[in-house]
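Participant: sequence below, structure please.
(one chain, ligands or ions: 1)
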Amino acid sequence: MFATGVTVVTVGGDCPHGMTANSFTSVSLEPPLVLVCVDQQAIMHRSLIECGQFGISVLAAHQEPVARHFANRRRPLGAAQFDAVDWVPGQVTGAPLITGALAHFECELWRSYEGGDHSIFVGNLLSVRREPEADGVLFVRGRFRQLDRDTAELADGVPAWQAAARGGVTG
Ligand SMILES: Cc1cc2nc3c(=O)[nH]c(=O)nc-3n(C[C@H](O)[C@H](O)[C@H](O)COP(=O)(O)O)c2cc1C
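Facilitator: Now for the predicted structure:
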């Protein structure tokens, strides 16, 4: 029911990994902090603890296939999972940042807290880049949606013809 944007959390280094997450939230302005909640069973959980630094890519409206890819437990692991997407290494952390995203953040892990079967990872921002003209993909009622630019109404996600034309990631 609760509409959110969709992000991909990434770590670089020796064991690069990415995971789709919609629990991303801003926390504090001073210091600049954000958080993401990660399932303790997720590979990303130990990746974040081991790496201590991470990237966040806020996905643009056309990037639903990217969200599906990094949520798919059958995707390849390690560096190979990034073969399906365009990305650049973050200048500060080296974490893969998804090309075409609405915004990129690079963070160092500031604190982590237990939250039931998830952990709450709070990151201190090291770098921010945003794309002011782009729209984001939304996750509402368990479905990927977009806001129609003209009417501001909810529209279905990536039209089939667009997804096919883009090829690459199908999730
Ligand atoms: C839209 C969407 C949002 C998600 N948000 C989260 C999240 O905030 N935290 C989380 O732990 N998993 C989240 N997931 C599930 C993970 O992306 C999925 O379980 C993933 O395969 C776990 O990756 P890993 O175990 O390889 O790290 C989300 C999935 C989708 C489709």
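Participant: now do the strands in the chain.
Facilitator: 4-5, 7-11, 17-21, 25-28, 33-39, 53-58, 87-89, 96-98, 103-115, 118-130, 138-140, 143-147, 154-156 (DSSP state E).
Participant: need those strands in CSV (columns: mean neighbour count).
Facilitator: To be clear about C-beta, it is placed using only N, CA and C from the backbone, and glycine gets the same treatment. Shown next, in CSV, are the strands of the chain (neighbours: other CB atoms under 10 Å):
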stretch, mean neighbour count
strand 4-5, 15
strand 7-11, 28
strand 17-21, 24
strand 25-28, 13
strand 33-39, 20
strand 53-58, 26
strand 87-89, 16
strand 96-98, 25
strand 103-115, 18
strand 118-130, 17
strand 138-140, 18
strand 143-147, 17
strand 154-156, 13
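Participant: got CSV for those strands, with distance to the ligand and mean pLDDT too?
Facilitator: Putting the strands of the chain into CSV (distance: least, CB to the nearest ligand atom, whole Å; pLDDT from 0 to 100) gives the following:
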stretch, distance to the ligand, mean pLDDT
strand 4-5, 8, 96
strand 7-11, 8, 98
strand 17-21, 3, 98
strand 25-28, 10, 98
strand 33-39, 4, 98
strand 53-58, 11, 98
strand 87-89, 16, 97
strand 96-98, 14, 98
strand 103-115, 10, 98
strand 118-130, 6, 97
strand 138-140, 4, 95
strand 143-147, 7, 90
strand 154-156, 15, 79
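Participant: those: which one's closest to Arg75?
Facilitator: Among the strands of the chain, strand 17-21 comes nearest to Arg75, with 8.7 Å by CB to CB.
Participant: list the contacts of the closest residue to Phe121 other than its chain neighbours.
Facilitator: Leaving out its chain neighbours, the residue that sits closest to Phe121 by CB to CB, 6 or more residues apart in numbering is Ser112, at 5.0 Å. Applying CB atoms under 8 Å, 6 or more residues apart in numbering to Ser112 gives the contacts Leu48, Ile49, Ser119, Ile120, Phe121, Val122.
Participant: thanks again, I'm all set now.
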